[in-house]
Structures are given as structure tokens and as C-alpha cells.
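Trainee: how would this look folded up:
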Amino acid sequence: MIMTVDQRGTTRCLYTEDVDLDEIGAVTLRRGSHVEPADGGWSADLAPVGCPVLGPFRKRSEALAAEVDWIEAHVLGGTDGAES
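Mentor: Presented below is the predicted three-dimensional model:
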């Protein structure tokens, strides 16, 4: 999991159930994208975080994976080599 912390101590990450975020402090969740059927496939609309629409992808799982890769690389500043 990639977590970023700003100068005020605000931490951002993609929510998963792998880490109990309540143990870190107060948690505020907000939607990062909408993965939905589109153009005979699936798209990941990242407008909620000010980012583009990705896709279409043949499978929903491909759209979900692209969503995670893009947010980690471009929103959270990950260094895992994810492409835009």
C-alpha cells in the first residue's frame, strides 16, 4: 500500500481492508473513481480525483487494475513504474 503524508500530517492512500486505517487516526473516505460498463467493455472514470477516464477494457478486473495503477502512480506519487 502506498501512503502519502502532507506537511499537516494528512495521510492519503487507496482504501483496502489490508490495513486497519482506524488504528492510524480519524478516517475520511471519498470515492476515487467509477468503474462501469462502457463501449462494450469497462471504463475507470477517475474524475472524482481530477483525473482522466481510462479504457475501455475488456474485463472489469482490467479496469480496476488500471484504476489502482494510475492513482498510485499519478495521485499518490508511487514509484512502481506504472504507466499513464
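Trainee: thought residue 41 was touching residue 66?
Mentor: No: counting by CB atoms under 8 Å, residue 41 does not reach residue 66; the two are 11.5 Å apart. The way it works is simple: take the backbone N, C-alpha and C, and place the C-beta from them, glycine included.
Trainee: overlap in contacts of these two?
Mentor: 55, 57 (CB atoms under 8 Å, 6 or more residues apart in numbering).
Trainee: which residues are in contact with stretch 56-63?
Mentor: Outside stretch 56-63, the residues touching it (CB under 8 Å, 6+ apart) are 35, 38-44, 54-55, 66.
Trainee: Which of these sits closest to residue 1?
Mentor: residue 66 (17.8 Å; CB to CB).
Trainee: And for the closest one, the neighbour number?
Mentor: Residues near residue 66, counting by other CB atoms under 10 Å, number 21.
Trainee: And for the residue nearest to it when sequence neighbours are not counted, the neighbour number?
Mentor: Closest residue to residue 66 apart from its sequence neighbours, by CB to CB, 6 or more residues apart in numbering: residue 54 at 4.8 Å. Number of residues near residue 54 (other CB under 10 Å) recorded here: 20.
Trainee: Residue 54 belongs to a helix, doesn't it?
Mentor: No: with DSSP: H, G, I helix; E, B strand; the rest coil as the criterion, residue 54 is located in strand rather than a helix.
Trainee: OK, contacts around it?
Mentor: Contacts for residue 54 (CB under 8 Å, 6+ apart) come out as 43-46, 63, 66-67, 70.
Trainee: Tabulate these (JSON lines), appending pLDDT.
Mentor: Output for the contacts of residue 54, formatted as JSON lines (pLDDT from 0 to 100):
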{"residue": "43", "pLDDT": "97"}
{"residue": "44", "pLDDT": "96"}
{"residue": "45", "pLDDT": "96"}
{"residue": "46", "pLDDT": "95"}
{"residue": "63", "pLDDT": "97"}
{"residue": "66", "pLDDT": "96"}
{"residue": "67", "pLDDT": "94"}
{"residue": "70", "pLDDT": "93"}
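Trainee: Now intersect those residues with the helices, please.
Mentor: 63, 66-67, 70 (DSSP state H).
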